[in-house]
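Trainee: sequence below, structure please.
(one chain, ligands or ions: 2)
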Amino acid sequence: LEVCTIPTKPYNDQKPGTSGLRKRVKVFQQENYTHNFIQAILDSMPAPGAKGSTLVVGGDGRYYSKEAIEIIIRVAAGNKVSKLIIGQNGILSTPAASNLIRVLKADGGILLTASHNPGGPDNDFGIKFNVNNGGPAPENITNLIYEKSKDIKQIFLCEFPEIDLSTIGERQFDGFTIKIVDSVHDYVILLKEIFDFDLIKNFFVKNPDYTVLFDGMHGVTGPYGKRIFIEELGLPQSSVQSCISLPDFGGGHPDPNLTYAHDLVKRVEKENIKFGAASDGDGDRNMIYGKGAFVNPSDSVAIIAAHAELIPYFKRTGIKGLARSMPTSAAIDLVAKNKGVEMFEVPTGWKFFGNLLDAGRLSICGEESFGTGSDHIREKDGLWAIVAWINIIAAINEKKPGVGIKEILFNHYETYGRNFFTRYDYEEVDGENAKKVIMHLHHLIGEGKNEFIGKTFGQFIVSKADDFEYCDPIDGSVSKNQGIRIIFTDNSRIVIRLSGTGSQGATIRLYIEKYSKNPFDYEMDNQIALKPLIEVALEITKLQEFTGREKPTVIT
Ligand code: VG1
Ligand code: CO
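Mentor: Ligands and ions are numbered 1, 2, ... in the order given. So this is what the prediction gives:
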């Protein structure tokens, strides 16, 4: 293979965000833009570097994936990578890619996804680098990628005939191997090792009226979902919908929440479906929704943790520790306390769980943004969470028939109290205005701090306010400015931060949490229970004044 050295000019906007580089497809289509970023990734790989390495490649199949894979093949060969393992047709869900990196002991992976962001020629594409533990590269590496990208002068590449990505098998090109693998196979083996598939199957046989609806939202999980729910668990075809993966996700917004997964919500309510679930474009997020019962993701991870012993995997490994991202509600903290295990609070983004998982200090963790997972891989895992819920329900029903999502939720509140939680997203806000909100809050909690602490807003008294800073307990690395927190004397919280995954304008996220141990509150509507605190949050942040937005774009 002949290596060509191509001169190139740097772009200055290739800074990876919360989860990789996400931009409009048109941005990636600029001359050498994608090549540059791939070269910068390869230049930033931990020692011994890209030469001689094995990398897993795949993604959610969104528009521009095929072109990106072709570029990756050429640039990888040019940098003397020894082997690429590519999902068939370029398809790998994010959790499946994480698993493959681990199972095949690869040196890393390049994941092609912009997750829940819409796809298509006028929408988003994304590239993320994962390291050899299967997880997203930590900040020291993503920072290095950015530095390299600003300094890049040349790209090394080899010209190739078109590679057929649809045929499984291995091809050799003098010292460079391309292996196309089944996208679903290893991932299904993994789930079958973790969960009790026989128990679940039996439960469905004994309870034919316990109906299930899984919504793939035309993202990558369609083939995975069909394989698991229909072939493995024996459910009828009607148990899945939108399971054909499409490069533009059928024009939808593949984000499993009450707004964007409303097709699922509508059908669950109308047809009385007992268990509904959806996942996002790349398969790492999940929503659990049963008739009349939406499971808030912060509650979901707490409930899975509370019942972990019903899952064979955790019966074997035990629960070493629990964790959540900072804005996620403290429901899981109460479970950790009850179990007497360590509890960690990390910044937003799955990469921050990596070191704790590797160190064997952490078993189950989650984010309020519909991300739930464990130490089985190093990404959040939508189908894992969905099957975890089904496993838990099947196991509980062995002893107590008739228990569904709603009963499990309310039993949890009875034991632990309820952490009411909501997130307001203000999408595509003017960047300058978003900065003004943050500057105003920095002033309040910084220079203005002395007057601010102890101040009363409605029924809430400020007890603490800061910009969250995290020191990783394993490697001591420090991440600053991870979100402004205002904590009140009753432990209610307001958190505000700017999104790091958007591709257009700024997105402000406002998180609101209030705890209650009063059983009369548990049935209350979330938005009603939180109303007084939401009003306080809007007053303190001056969001409406600075952004001109009356209402958020999405409420979860
Ligand atoms: C968002 C979520 C965060 C999640 C990230 C990636 O980040 O808030 O919890 O880890 O998306 O998820 P941000 O910076 O926009 O708030 V995914 O499924 O988009 O890979
Ligand atoms: Co995702």
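Trainee: so how many other residues sit close to the closest residue to ligand 2 within the chain?
Mentor: Among the residues of the chain, S115 lies closest to ligand 2, at 3.1 Å counting by CB to the ion. Placement of C-beta: from N, CA and C, glycine included. Counted with other CB atoms under 10 Å, residues neighbouring S115 total 27.
Trainee: skipping adjacent residues, who's closest to it in space?
Mentor: D282 (5.0 Å; CB to CB, 6 or more residues apart in numbering).
Trainee: same question, M343
Mentor: A336 (3.7 Å).
Trainee: OK, contacts around that neighbour?
Mentor: 305, 321-322, 342-343 (CB atoms under 8 Å, 6 or more residues apart in numbering).
Trainee: what is the nearest of these to D198?
Mentor: Nearest to D198 among the contacts of A336, counting by CB to CB, is A305 at 23.6 Å.
Trainee: buried ones in the helix or strand where L409 lies?
Mentor: Taking DSSP states H and E as the definition, one finds L409 inside helix 405-416. The neighbour-count check on helix 405-416 (16 or more other CB atoms under 10 Å) flags 405, 408-409, 411-413, 416 as buried.
Trainee: just stretch 84-94 next, same as before
Mentor: Quick answer for stretch 84-94 (16+ other CB under 10 Å): 84-94.
Trainee: what of stretch 50-58?
Mentor: For stretch 50-58, by 16+ other CB under 10 Å, it's 50, 53-58.
Trainee: could you check how far that stretch is from the centre of its chain?
Mentor: Remark: stretch 50-58 is offset 23 Å from the chain centroid, using CA atoms, centre = their mean, to the nearest Å.
Trainee: helices or strands up against the longest helix seen in the chain?
Mentor: Secondary structure assigned by DSSP state H gives helix 382-399 as the longest helix of the chain. Packing partners of helix 382-399 (3 or more CB pairs under 8 Å, 6 or more residues apart in numbering; DSSP states H and E): helix 94-103, helix 185-194, helix 197-206, strand 275-279, strand 286-290, helix 297-306, strand 371-374, helix 405-416.
Trainee: that one: how far from the chain's middle?
Mentor: 20 Å.
Trainee: what's the angle between that helix and helix 197-206?
Mentor: Angle of helix 382-399 versus helix 197-206, following axes from the mean of the first three to the mean of the last three CA atoms, to 10 degrees, is 60 degrees.
Trainee: mind listing what's buried in helix 382-399?
Mentor: Buried-residue list, helix 382-399, by 16+ other CB under 10 Å: 382-397.
Trainee: same deal with stretch 207-214?
Mentor: 207, 210-214.
Trainee: same question for stretch 97-108.
Mentor: Buried-residue list, stretch 97-108, by 16+ other CB under 10 Å: 97-102, 104, 106-108.
Trainee: ok, now stretch 267-276?
Mentor: 268, 273-276.
Trainee: distance to ligand 1 added to those, as CSV?
Mentor: Converted to CSV, the buried residues of stretch 267-276 look like this (distance: CB to the nearest ligand atom, whole Å):
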residue, distance to ligand 1
V268, 22
I273, 24
K274, 26
F275, 22
G276, 19
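Trainee: redo those residues as CSV? Include pLDDT.
Mentor: Converted to CSV, the buried residues of stretch 267-276 look like this (pLDDT from 0 to 100):
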residue, pLDDT
V268, 96
I273, 96
K274, 96
F275, 97
G276, 97
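Trainee: closest one to E539 among the helices and strands packed on helix 382-399?
Mentor: Of the helices and strands packed on helix 382-399, the one closest to E539 (CB to CB) turns out to be helix 297-306, at 24.0 Å.
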